[in-house]
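A.B. asks: Prediction below, plus the sequence it came from.
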Amino acid sequence: MMGWRSVLVLAASGTAVCGIATGGAALAAVHGHRGPAVTAAPAWGGTAPLPGLDSLDKGKSAAPEALSCPSAGACVIGGSYTDASGRTQAFVAGEKNGAWGPAGEIPGSAALNTGGNAVVTSVSCPAPGDCAAAGQYSPGGRADGGTDAPAAEAFVAMEHDGRWGRATPLRGLAAKNKGKSAGAAAVSCWAPGDCTVAGTYAPGARGRALITQAFTAGARNGTWGAAVPLTGLAALNTAGQAQVTALSCAPVRRGATGGNCAVGGKYGSAAGTEAFIAQATRGTWAAAREFPGTAARNTAGAAGVSSLSCPAAGDCAAAGSYAYKTARGTESGTGFVADSRDGKWDTPQTVPGTGDVISCGAPGDCEAGGTYFPGRRAGAFTAAETRGRWAGPKSVPGLPGGSGGVGAISCPAAGECGAGGSYSAASAPARGFVAVRHGGRWSGAHQASAAGAGDAAVTLMSCTKALACTAAGYDDSGSGVFVMSTTGR
């Protein structure tokens, strides 16, 4: 959490941004590239505090962590705030017909959170008023392994017809979490009440270091099944340092069977950390495996998957990074992107800089974004995949010279995306920005924060159709955490 925060809502009409690549060997670096073709920038409206959050957030440190919008003007946001006793609590807030309701504690989460360290880490809404939330809470005490970290367990909650049920611990996880350090990293739903959640737990400690493994659990018709270890990962994770960072489940057509998902992250080996991927077909998980093609490149031992998007069963895209040793013996890092077709992953394609986020509007039509280094400064970039072919990274149009990166992206259809991130010029504080891609053309970046003394960034994005996006972020200059929306032109 960064400084004083209160959540704001920014209404607007306009557009959104996109980004990154895969395909063959490596995407070309872009030096002095003027960026993609530009479409008209959106006109953003004014701001208003998210109702109810200021009265909850006595510590003035509210932070948004998750956002999902199944249709325009209908969203759910989740995160954390600090109550009057100094405890961190989990909150959600909902938008209906374009108006935000009051932020509130997820029912039952405070009662679980006796150790005072709860947060909503992920939300997924397959339909307005029908969502799932996941996160972590502290039951009191400390995690094992000689750390000073509070003990942590994972929780889930369901919303049905606009009413949230109680937050509940994931069945069967506490018995596995003997090291007292668990949390849900992501939840993804393909229909109301039908979801998958994935995260990390600690089966114990090795000396002063926690051993961490990955789990998944599924919900059917609103009822959660027991958490189970992710198949095959323990055999890979010899150093006991697994972490789930991404999950995506494909939408389903009426009458079809869901549960077609992908989960990714990293695991520990003797050489460092490696990237992993696992896929489920109709709810049954295949064994996790090293992400194909990354180990040979990861010569400096620091690889992982950072983002996944599955627009159809068996058709997914991934973004991540790995580290390598240069000819001079130094270490450097770079991003990668890759596609799966009918469950089979292509060879990863390297991306200059880091590929942080990815979203697909259709199979073979994806966007990814992150940070690359066309000169001495870091720059925000996007790259587009069209009909299965990736283009090279391009600078986000309209940003001044300086450093920056894309940290959030969402594509509801091919060639239609929203993205946001941050940038800074010279030694000035970071500023948040949003931009849109419509009909294959980008708008110029729109500043999404005030020109104050504190840092700011757009960190979340959810788009429901062309030119209909909602973003969230923070602004330490005094306006705090904000939400901003487009409603089309």
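C.D. replies: Done, it's in.

A.B. asks: Flag every buried residue along stretch 435-442.
C.D. replies: By neighbour count on 16 or more other Cβ atoms under 10 Å, the buried set for stretch 435-442 is 435-438, 442. Using the backbone N, CA and C atoms, a C-beta is placed for each residue, glycine as well.

A.B. asks: again with stretch 218-231
C.D. replies: Neighbour counts over stretch 218-231 (16+ other Cβ under 10 Å) mark 218-219, 224, 227, 229-231 as buried.

A.B. asks: Give me the average confidence score over it.
C.D. replies: For stretch 218-231, the mean pLDDT works out to 97.

A.B. asks: ok, now stretch 361-370?
C.D. replies: For stretch 361-370, mean pLDDT rounds to 95.

A.B. asks: same check, this time on stretch 294-308
C.D. replies: When pLDDT is averaged along stretch 294-308, the result is 96.

A.B. asks: and that stretch, C-alpha only, in PDB?
C.D. replies: These are the backbone C-alpha positions of stretch 294-308, laid out as PDB (Å, rounded to 0.1, in the frame of the first residue of the first chain):
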ATOM      1  CA  THR A 294      12.000 -21.700 -21.100                       C
ATOM      2  CA  ALA A 295      14.500 -23.800 -19.100                       C
ATOM      3  CA  ALA A 296      17.200 -23.700 -21.800                       C
ATOM      4  CA  ARG A 297      17.000 -20.000 -22.000                       C
ATOM      5  CA  ASN A 298      16.700 -19.400 -18.200                       C
ATOM      6  CA  THR A 299      20.500 -19.800 -17.600                       C
ATOM      7  CA  ALA A 300      20.500 -17.300 -14.700                       C
ATOM      8  CA  GLY A 301      17.700 -19.200 -12.900                       C
ATOM      9  CA  ALA A 302      14.800 -16.700 -12.600                       C
ATOM     10  CA  ALA A 303      11.800 -17.600 -14.700                       C
ATOM     11  CA  GLY A 304       8.100 -17.400 -14.200                       C
ATOM     12  CA  VAL A 305       4.700 -17.000 -15.900                       C
ATOM     13  CA  SER A 306       3.100 -13.600 -15.000                       C
ATOM     14  CA  SER A 307      -0.200 -13.600 -17.000                       C
ATOM     15  CA  LEU A 308      -2.600 -16.000 -18.800                       C
END
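
A.B. asks: re the thing from before, which one of the buried residues of stretch 435-442 sits closest to A426?
C.D. replies: The nearest member of the buried residues of stretch 435-442 to A426, counting by Cβ to Cβ, is A435 at 21.5 Å.

A.B. asks: quick revisit: in strands, which of the buried residues of stretch 218-231 fall?
C.D. replies: 218-219, 224, 229 (DSSP state E).

A.B. asks: Out of those residues, flag the one nearest to N113.
C.D. replies: W224 (18.7 Å).

A.B. asks: mind listing what that closest one touches?
C.D. replies: W224 makes contact with 156, 168, 170-171, 197, 217-218, according to Cβ atoms under 8 Å, 6 or more residues apart in numbering.

A.B. asks: Now, of those, which are buried?
C.D. replies: Buried among those (16+ other Cβ under 10 Å): 156, 170, 197, 217-218.

A.B. asks: Give the residue farthest from the middle of the protein.
C.D. replies: R328 (34.9 Å; Cα atoms, centre = their mean).

A.B. asks: which of the ones in strands among the buried residues of stretch 218-231 sit farthest apart?
C.D. replies: Largest separation among these by Cβ to Cβ: A219 and P229, giving 17.9 Å.

A.B. asks: contacting residues around stretch 101-108?
C.D. replies: Residues contacting stretch 101-108 (Cβ under 8 Å, 6+ apart): 7, 50-53, 56, 78, 81, 89-95, 120, 133, 157, 164-168.

A.B. asks: So which of the residues you listed belong to helices?
C.D. replies: Judged by DSSP state H, these include 53, 56 as members of helices.

A.B. asks: Return the subset of the contacts of stretch 101-108 lying in strands.
C.D. replies: Secondary structure assignment by DSSP E places 78, 81, 89-95, 120, 133, 157, 164, 168 of the contacts of stretch 101-108 in strands.

A.B. asks: Report the buried members of these.
C.D. replies: For those, a neighbour count by 16+ other Cβ under 10 Å gives the buried set as 78, 81, 89-95, 120, 133, 157, 164.

A.B. asks: Could you pull up the residues touching G59?
C.D. replies: Per Cβ under 8 Å, 6+ apart, neighbours of G59: 81-83, 86.

A.B. asks: Please read the previous query as pertaining to C195.
C.D. replies: Per Cβ under 8 Å, 6+ apart, neighbours of C195: 124, 132, 187-189, 218-219, 249.

A.B. asks: Pipe these into a markdown table and attach distance to F336 per row.
C.D. replies: Below are these laid out as a markdown table (distance: Cβ to Cβ, whole Å):
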| residue | distance to F336 |
| --- | --- |
| S124 | 25 |
| A132 | 30 |
| V187 | 25 |
| S188 | 22 |
| C189 | 28 |
| G218 | 29 |
| A219 | 32 |
| C249 | 22 |
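
A.B. asks: What backbone torsions are found at the residue farthest from the centre of the chain?
C.D. replies: phi -90, psi 0 (degrees, to the nearest 10).

A.B. asks: Distance from the chain centre to stretch 330-348, please.
C.D. replies: A distance of 18 Å separates the centroid of the chain from that of stretch 330-348, by Cα atoms, centre = their mean, to the nearest Å.

A.B. asks: What's the mean pLDDT across it?
C.D. replies: 91.

A.B. asks: which outside residues touch stretch 288-296?
C.D. replies: 214, 230-233, 236, 263-264, 274-278, 303, 305, 318, 320, 322, 336, 338, 345, 347-348.

A.B. asks: First-to-last residue distance for it?
C.D. replies: 18 Å (Cα to Cα, to the nearest Å).

A.B. asks: residues of it that come out buried?
C.D. replies: Going by 16+ other Cβ under 10 Å, stretch 288-296 has these buried residues: 288-291, 293-295.
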